[in-house]
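**Student:** here's a sequence, model it:
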Amino acid sequence: MRKWGAAAAMAAFMLACGGASAPAWAQAPEAPPATAWGREAAIASVDISDDGRHVVAVTAMDGGRRVVTLWKTDDLTAPPYQIGSDERSEIVSARFIKNDRLFVTTQQLVEHPRRSYRTRTQVLDLEGNPVRMSLRFDGLTDEQQAFVGVGSLISALPQDERSILVADPIRSDVYKLNLYNGRAERVQRGSDRFGAGTADLSGEIRARSEFDFDGGAVFIATQLKDPETGEWSEHFRWYARDRSPVQVSAFTNDPNIVLVSKVEGDREVIYEYDIKNRAFGEVAFAHPFFDAGGVIRSSRAEDFGEIVGFTYQGARPQTVWADPRLEAAHRQIRQALRINDTPVSWTEIASGERRSFDVSAGADANIVATSADLTKFIVSKSGPTTPPEYYLIQNGRLALLGRAYPELRDAKFGETSLIQYAARDGLMIPAFLTKPDSSVFGEGPYPTIIVPHGGPWARDSLTWDPTGWTQYFATRGYAVLQPQFRGSNGWGQRLWRAGDAEWGNKMQDDVDDGARWLISQGVAAPDRIAVHGYSYGGYVGMMAAVRPNGLYQCSVAGAGPATIALFKKGTFNNRYLREFQHPTAEGEDPLHRVNEVSIPLYLYTGDRDTNVLPSESEAMAAAMRGAGKTVKLEILPDMEHTYNTWTPENVARILTSVESFLENDCGPGGL
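**Tutor:** Sure, this is the predicted structure:
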C-alpha cells in the first residue's frame, strides 16, 4: 500500500506521447504508437459508496500494474489512497458492497491443468486489509479456499448493513457472509440440477434455473418460490433447440410480481409475471428497435427496490430512465459534456419497415453509479472517438477523475457511424464504418480494412475499441468496416438465425457485400482492401483468402479455426450446446481449400490459447506452404484467447505486426 500526490496523478493523466510515422501513401501527422493502446487503462471500474463519501477505481497510472485507488469526495485535492496486489496476481475490478467494504476481483496465472488465468474474489476494508472470515466451501483445502476467495457475489444485500450473499463457485452453495465478524451461514445448498439462484429484494433466493431433459431434449426451467407458502414450483421452461430464453430479470416490491425477459417476435421484451396466477401481465419494457436488457432499481431507503430504469443494447449500451430525477440528471450531464445526437435512417431487418432514431455522435455520457441520495454521480464519457473518461458530479460541479488512455487525448481519430447495407439476397446488414479524419487524409477513397467480429454469436457496438483495430488504423489513414453479418446476435432474431449453417457461405457473402458497398460509396479504394478478423473473425479472414472474388489484396487471421470441426467438437461435448449451437455450425473449411488461396495471409495466435488452439493456425500455415502459397505465421508468447487476459505487449505486438504486414506484404506495393 502507498499513497501518491494528486498533482502527480493529474499530470500523469494529462500526458501525451508521440508515435510512429504514417505510411508512405499519406502525409499525416505522427500517429499515436501501439503502446498507447497496449497500456493498461489508467482508470476503470469506477464506483461510489452509498453514503457518497468515497470513490473507488482500478487505476494504472504508468500503464503497467493495476491498483485499487480510493478518493474522499469531500476533498478530491487530497492524495488518494492506493491498494496494491501481490506479484502473482493482478487486479481486475473493485466495487463497494458496503460503505467501508470493497469487493475486489483479481486474476492469476496458473499452470495446471493448462496454463491459463483463474479469478479470485476477496473483501477488503478501506485500508486494503483483507476481512477475516470463517467461510469454508465444502471439499476445498485451505490452499484451494484461499485461491478461490469468497466466491461469486449473489447480492450485496443493500438493506442489510453487515452482510452479503455469496455462492460457492464449485457446488453453488449460497452463504450469508457477515463482513464485520467474518461469520458465514449457509442458507441454501447447491445441487446438480440447480444453479445458485436469484435473490429477491429482501435477500431470499426465490428464483432458480433447472437443467434437465424431456424425451432426450435439453430444457432450462425456471422455478419460483411462492411468497406465501415458500414452496418451489416450475413456472416456465424453454428448450435449447428453440434458442428462445425465458428468464427472471428482477424481483419487485410486490413479492408476487417478478419481471421476466422473453422473446416476442423479433426482439426480447420484459414482462410483468404474476406468480400466484401463473400469468404474464403487462409489458414492463420493450424497445421499438432493439432487445430489452436489464432492470435498474433504487437503493434509496424511501423507495428501495422501485424501478428507476431499463437498459437495452442499441447502437451502444443505453439506459431509459423511468425516474424523473435520474432522467433530468442524465439530460443535464449530456449537455454539460457536450454530447450531440445525430439521426440514423434505419430499415427494420425483420419487417423491412423504414424508421429513424437518434444516436449520439462520437461519444455519449452514462451514469455509472450514484450515492443512495442521488446527490453524487459517477459519470463516464466514451465512444468510438473518445477513450473513456470518468467524472464525479457533486454540488452541481463536474470533476474529472481520470482518462483511461491519456496518451490518446490529442489523436486524430476517424469518425465512426452506424450504417446499413443490403446483402445480395436483400437482407439488411448493420455495420459500423470508421473513416479517417478527412482534414488529414482527404475525402477518400481510402485503403480499407474489413474487421469481422468473433463469436460468431456476438456483435460490435458504437463504443471505444481498446484493441485498436479500428482507431489505430484510422489514425494511419485506413477506413475500417465492422460488418454485423448474419449470425450476429443483439440485432434481432431474423439476422441472428439467418446465419445458421452458413459458415463461409452467406455469412461470408455479407462480409464481401460490405466491401462492395464501400467501393460503390467511394469510401474504399477497390485495389486496397484487406480483411483482419480474430477468433470466428479469424476464420472469416482465412475464408477471405480462399474465395476467388478478387476483392482483397491480403488477409489477416488472428486465432481463427482452420476447420469447423474444432468448434463442432467443443459444442458437441457440452450437452447444452449440442442442441443450442452445434447444429448451426456448418459450412466451409478453409484448411481443405488452401489450393484456392490467391492472396497473402498473415496468421497470428497466442501460445496459451485454449479456446482456439495454436495448432489451427499452424496447420493452415503448413498446408499453405505445402501448396506454395504466401503465408506468414506468428505465435505470440504469453497470450491467451480473450482480450481481458492479454498483456500490454500482446496488444502492441498485434497492432504493429498487422500494420507491418499491410504495409509490406499486402498485394502489390502494400495496402
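**Student:** for the residue of the chain most remote from its centre, give me the pLDDT.
**Tutor:** In the chain, counting by Cα atoms, centre = their mean, T229 sits farthest out from the average C-alpha position, at 40.1 Å. Looking at T229, its pLDDT stands at 94.
**Student:** give me the three-state assignment for it.
**Tutor:** What DSSP: H, G, I helix; E, B strand; the rest coil gives for T229 is coil.
**Student:** when you give positions from now on, start the count at 443
**Tutor:** Shifting the count to begin at 443 puts that one at T671.
**Student:** gap between it and G639?
**Tutor:** According to Cβ to Cβ, to the nearest Å, T671 stands 17 Å off from G639. All C-beta spots, glycine's among them, are computed from the backbone N, C-alpha and C.
**Student:** cool, and S491?
**Tutor:** Taken as Cβ to Cβ, the span from S491 to G639 is 27 Å.
**Student:** please say which of the two ends up with more neighbours.
**Tutor:** Remark: of S491 and G639, S491 carries more neighbours, 24 against 21, as counted by other Cβ atoms under 10 Å.
**Student:** residues contacting the more buried one?
**Tutor:** V497, V498, F538, N541, D542, S813 (Cβ atoms under 8 Å, 6 or more residues apart in numbering).
**Student:** between these, which has the most around it?
**Tutor:** Going by other Cβ under 10 Å, V498 tops these with 27 neighbours.
**Student:** run through who's touching the helix or strand hosting it.
**Tutor:** Assessed by DSSP states H and E, V498 sits inside strand 496-501. Residues from elsewhere that reach strand 496-501 (Cβ under 8 Å, 6+ apart): 483-491, 508-515, 524, 533-538, 541, 544, 568, 820, 832, 834, 843-844.
**Student:** would you mind checking the average pLDDT for it?
**Tutor:** Average pLDDT, strand 496-501: 97.
**Student:** send the alpha carbons of it over as PDB?
**Tutor:** The C-alpha coordinates for strand 496-501 follow below in PDB (Å, rounded to 0.1, in the frame of the first residue of the first chain):
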ATOM      1  CA  HIS A 496     -15.700   7.600  -1.200                       C
ATOM      2  CA  VAL A 497     -15.000   6.800  -4.800                       C
ATOM      3  CA  VAL A 498     -13.100   3.700  -5.800                       C
ATOM      4  CA  ALA A 499     -11.400   2.800  -9.200                       C
ATOM      5  CA  VAL A 500      -8.900   0.400 -10.600                       C
ATOM      6  CA  THR A 501      -6.000   2.600 -11.900                       C
END
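**Student:** helix or strand right after it?
**Tutor:** Using DSSP H and E, the helix or strand that follows strand 496-501 towards the C-terminus is strand 509-514.
**Student:** so in that sheet, which strands flank the strand holding V498, and in what orientation?
**Tutor:** With DSSP bridges as the test, strand 496-501 is paired with strand 485-490 (antiparallel), strand 509-514 (antiparallel).
**Student:** starting at the chain centroid, how far to it?
**Tutor:** 21 Å (Cα atoms, centre = their mean, to the nearest Å).
**Student:** can you check stretch 901-916 too?
**Tutor:** 12 Å.
**Student:** that stretch: end-to-end distance?
**Tutor:** Stretch 901-916 has an end-to-end distance of 20 Å (criterion: Cα to Cα, to the nearest Å).
**Student:** next one: stretch 499-511
**Tutor:** End-to-end for stretch 499-511, by Cα to Cα: 5 Å.
**Student:** enumerate the positions of that stretch that are buried.
**Tutor:** A499, V500, T501, A502, M503, G505, R508, V509, V510, T511 (16 or more other Cβ atoms under 10 Å).
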